[in-house]
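Student: what would the 3D arrangement of this be:
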Amino acid sequence: MPKKIKIPDFSDYRGSLGVIENIINFKIKRVYFLHSLKKNIRRGSHAHKKNIQFFICLSGKAEIIFKKKKYLLSKPNYGILVKPSDWHEIVPKIDSTIILVLASHTYNKKDYIYEK
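Tutor: Predicted coordinates:
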């Protein structure tokens, strides 16, 4: 089941620093980002067999859709933990949205599940 998690941040007059290493319970083996996304053009539409992911919206706004729940990410102080078998889609709500993804496994096309 997906979970929305608040990312602790430390702020002062210089800005804010978000810290994630203590809130995700997996070793990060892959880091990538989705950028230049177009409004309402869906990404994802799959699940994984083993891979755990943590999505953070760095800029813009995106809806993360699961079978029974939707989450809106619009600030970098929240992330969505996506567990294996969580069918998900990413729908940018603003052009040029940027999504950072931290993953527990490196890319493996055999890990993908495309059937709902």
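
Student: in what helix or strand does the spatially most central residue of the chain lie?
Tutor: In the chain, the C-alpha closest to the average C-alpha coordinate belongs to Phe55, at a distance of 1.5 Å (CA atoms, centre = their mean). Using DSSP states H and E, Phe55 sits within strand 53-59.

Student: which strands and helices lie in contact with that strand?
Tutor: strand 70-73, strand 78-82, strand 97-103 (3 or more CB pairs under 8 Å, 6 or more residues apart in numbering; DSSP states H and E). Yep, even glycine has a C-beta here, placed from its N, CA and C like the rest.

Student: give the other helices and strands that the helix or strand that the last one is followed by contacts.
Tutor: Okay, so that is strand 97-103. Moving toward the C-terminus from strand 97-103, the first helix or strand encountered (DSSP H and E) is strand 112-113. With contacts taken as 3+ CB pairs under 8 Å, 6+ apart, strand 112-113 sits against strand 43-48.

Student: what angle separates the strand it packs on from strand 97-103?
Tutor: Regarding strand 43-48 and strand 97-103, their directions subtend 10 degrees when assessed with axes from the mean of the first three to the mean of the last three CA atoms, to 10 degrees.

Student: name the residues of strand 43-48 that are buried.
Tutor: Residues of strand 43-48 classed as buried by neighbour count (16 or more other CB atoms under 10 Å): 44, 47-48.

Student: out of the residues you listed, who's nearest Leu100?
Tutor: Distances from the buried residues of strand 43-48 to Leu100 were compared by CB to CB; the smallest belongs to Gly44, at 14.5 Å.

Student: contacting residues around that closest one?
Tutor: Contact analysis of Gly44 by CB atoms under 8 Å, 6 or more residues apart in numbering lists 88-90.

Student: how far away is it from Gly18?
Tutor: Separation of Gly44 from Gly18 (CB to CB, to the nearest Å) stands at 23 Å.

Student: list the buried residues of stretch 88-97.
Tutor: Buried residues in stretch 88-97, counted by 16+ other CB under 10 Å: 88, 90-93, 97.
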